[in-house]
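Engineer: 3D, please:
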Amino acid sequence: MLPEKEDFTEFCSPGVKIMEQRATLTDKVSLRIISFHPPLERYRMPVIMIPGLVSVMLSFKYLLLELTSCFVVHYVETREKSSSLTPDDADFSISQIGKDIIEVLSDLDVKDKQYILFGASLCATAIIDCYRNLKVMPFCMVLIEPNASFDYPKWSLLLIRFSGKIDILMALMRKPLKLKERNSAALKRIAKWYIKNLRVNKKEDFEMYRISSRAIDAANPGKLKKTVLSIYPYKIWSNLKYVHTPILLVTASKDKFHRHDDLLKMSSLLENCTYLDLESHKRTNGAEFVYHFRAFLDNLITGNPWSDKCI
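Structural biologist: Predicted coordinates:
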């Protein structure tokens, strides 16, 4: 049964036409795509927006409000998200998410160098991974904090692998659950505790915790567990040499969840990369990001040198 349709009007500019569709992939996974069509397009290149691991649209609300005022935006929810329909044996690896992106681009019928590929976090990584296999190339790409690797502590992987089965998990969270709740809630409790206490900069970038909490609350525990265990061994470095399209690499240096040193190294190794540090996720996920992005795009179109002071 298909999930119930949602109302997305709060996430777009007035007058935008909203269309919801599903892409059925070759391995029988079905993905939801929400398309926003503004009454007037300032730019004739659609943005294919692919948010990160179990991300929810609410975390990109102010970004989307600004972006949909002048771009067609196709918001693609990848297979690890709750909206997807997946068989029991579905693959949740980085390479498979990359293959999904290629299929979705074909379904959306984008033209070579006439669209913009936008990914965040996990899905920015998947875009880099699948780039060399793209059948139609983007005009440019926007990547918000791609992950170079997913080096979770080994103890957390053990907890994730056996979540819902070991009573000590509940003791760790200091809030025991009823037996019927364990399988669905244990993994979410572990993830939120780990992110809040060990990974995010709560003082300077608390928005990252809010974003992560929303995503975890909305996640399907089974898909989240399979994804985390599938992506753990991945390293991005060998794939950077294949990428030639102009990239705006956006980071939030006050964010401790993503490794800032990795992002700096990545920007130096990518052939045609512009680096932009907006310091916090409140800025990377808000309207301000769109102003910088439009300046970057305008400079690419006109051939002028990049300056983030031209907004």
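
Engineer: Is Pro233 in a helix, a strand, or coil?
Structural biologist: Using DSSP: H, G, I helix; E, B strand; the rest coil, the structure places Pro233 in coil.

Engineer: can you pull the contacts of it?
Structural biologist: Residues near Pro233 by C-beta atoms under 8 Å, 6 or more residues apart in numbering: none. Heads up, the C-betas are built off the backbone N, CA and C, glycines and all.

Engineer: mind running it again at 10 Å?
Structural biologist: Contacts for Pro233 (C-beta atoms under 10 Å, 6 or more residues apart in numbering) come out as 93-94, 149-151.

Engineer: same thing with Thr78?
Structural biologist: Going by C-beta under 10 Å, 6+ apart, Thr78 touches 29, 31-32, 50-55, 84, 92, 96-97, 100-101, 104, 119, 122-123, 126, 223, 227.

Engineer: Distance of it relative to Asn299?
Structural biologist: Counting by C-beta to C-beta, to the nearest Å, the separation of Thr78 from Asn299 is 30 Å.

Engineer: tell me the strands in the stretch 201-311 of the chain, going along the chain?
Structural biologist: 247-251, 273-277 (DSSP state E, counting those that start in this stretch).

Engineer: Format those as a markdown table; extra columns: distance to His37 and mean neighbour count.
Structural biologist: What follows is the strands of the stretch 201-311 of the chain, written out as a markdown table (distance: least, C-beta to C-beta, whole Å; neighbours: other C-beta atoms under 10 Å):
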| stretch | distance to His37 | mean neighbour count |
| --- | --- | --- |
| strand 247-251 | 23 | 24 |
| strand 273-277 | 27 | 18 |
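
Engineer: Point out where this structure drops to low pLDDT.
Structural biologist: 1-4, 152-187, 190, 193-209, 211-212, 256-258, 305-311 (pLDDT under 70).

Engineer: Tell me the secondary structure of Asp107, please.
Structural biologist: Three-state assignment for Asp107 (three-state DSSP): helix.

Engineer: Return the distance of whichever strand or helix holds Ile102 from the chain's centre.
Structural biologist: Assessed by DSSP states H and E, Ile102 sits inside helix 94-108. In terms of C-alpha atoms, centre = their mean, to the nearest Å, the centre of helix 94-108 is found 14 Å from the chain centre.

Engineer: Likewise for stretch 228-243?
Structural biologist: Counting by C-alpha atoms, centre = their mean, stretch 228-243 comes out at 15 Å from the chain centroid.

Engineer: Repeat that for stretch 6-15.
Structural biologist: On C-alpha atoms, centre = their mean, the centre of stretch 6-15 falls 20 Å from the chain's centre.

Engineer: That stretch spans what distance, first to last residue?
Structural biologist: This stretch, stretch 6-15, spans 18 Å end to end (C-alpha to C-alpha, to the nearest Å).
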